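A.B. asks: here is a sequence together with a model predicted from it:
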Amino acid sequence: MATSNELIAFLLKASQKRFHSYVDDLKPEEFEKQPYPGVNSIAWMLGHLALTDRRISAMLGAEVPPLPEGFESKFQATRQAAGQQSDLGDPKELIALFDQYRNLLVETVTKASAADLDEPMPNPHPLFGTVGEAAAFMSVHAGLHGGQITLLRRAFGYPVIS
């Protein structure tokens, strides 16, 4: 039977692969398109996912590489309608950052002790109570944003991904 660490790592890797199937064939200009006013672009989603994976890795004690200047302020969730999103960065670089921090999270979760995973979240969250639960949720988080991207893909004329 797989350990909790192995299951969380599997979910993180599987959602990363699926996420790549949504973005790898997009044209650079499609990353900054917002389908409706107030809705986030794919570029923003990529940066946001990298930021949240990085944050969970840090909570688990990983040494996290520094972010580019101004990155956090560009991709922080605000719980408000998105403004105009342009100049968020090169899509290839955003994908690379997502991969860097997702791979770090997988590595960190794999090495974490049961006590590390059971550590309470520093700030309570309604969807998860421990850092391990937050790490597992990052796979759902990528899936949530991936679902948004599937709608954009259809609007751009791409086929359904099965």
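C.D. replies: Arrived safely, thanks for sending.

A.B. asks: for this protein, name the helix or strand with the lowest mean pLDDT.
C.D. replies: Least confident helix or strand of the chain, by mean pLDDT, DSSP states H and E, is helix 71-75 with a mean of 92.

A.B. asks: got the contact list for that one?
C.D. replies: Residues outside helix 71-75 that contact it (C-beta atoms under 8 Å, 6 or more residues apart in numbering): 44, 47, 48, 50, 51, 88. (Each C-beta comes from the backbone N, C-alpha and C, glycine too.)

A.B. asks: ok, the third one - contacts?
C.D. replies: Taking C-beta under 8 Å, 6+ apart as the definition of contact, the neighbours of residue 48 are 40, 75, 76, 77, 145.

A.B. asks: which residues in this structure form helices?
C.D. replies: Remark: helices assigned in the chain by DSSP state H are 4-23, 42-59, 71-75, 91-111, 114-117, 131-156.

A.B. asks: on that earlier part again, which PyMOL command selects the buried ones in the contacts of residue 48?
C.D. replies: The buried residues among the contacts of residue 48 can be selected in PyMOL (16 or more other C-beta atoms under 10 Å) with this line:
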select buried, resi 40+75+145
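
A.B. asks: grab the two from the contacts of residue 48 that are most spread out in space.
C.D. replies: Across those, the longest distance by C-beta to C-beta is 14.8 Å; it joins 76 and 145.

A.B. asks: about what we covered before: can you tell me which of the contacts of residue 48 is nearest residue 23?
C.D. replies: The nearest member of the contacts of residue 48 to residue 23, counting by C-beta to C-beta, is residue 145 at 10.1 Å.

A.B. asks: can you list the buried residues in stretch 144-152?
C.D. replies: Residues 145, 146, 148, 149, 152 are the ones in stretch 144-152 that count as buried (16+ other C-beta under 10 Å).
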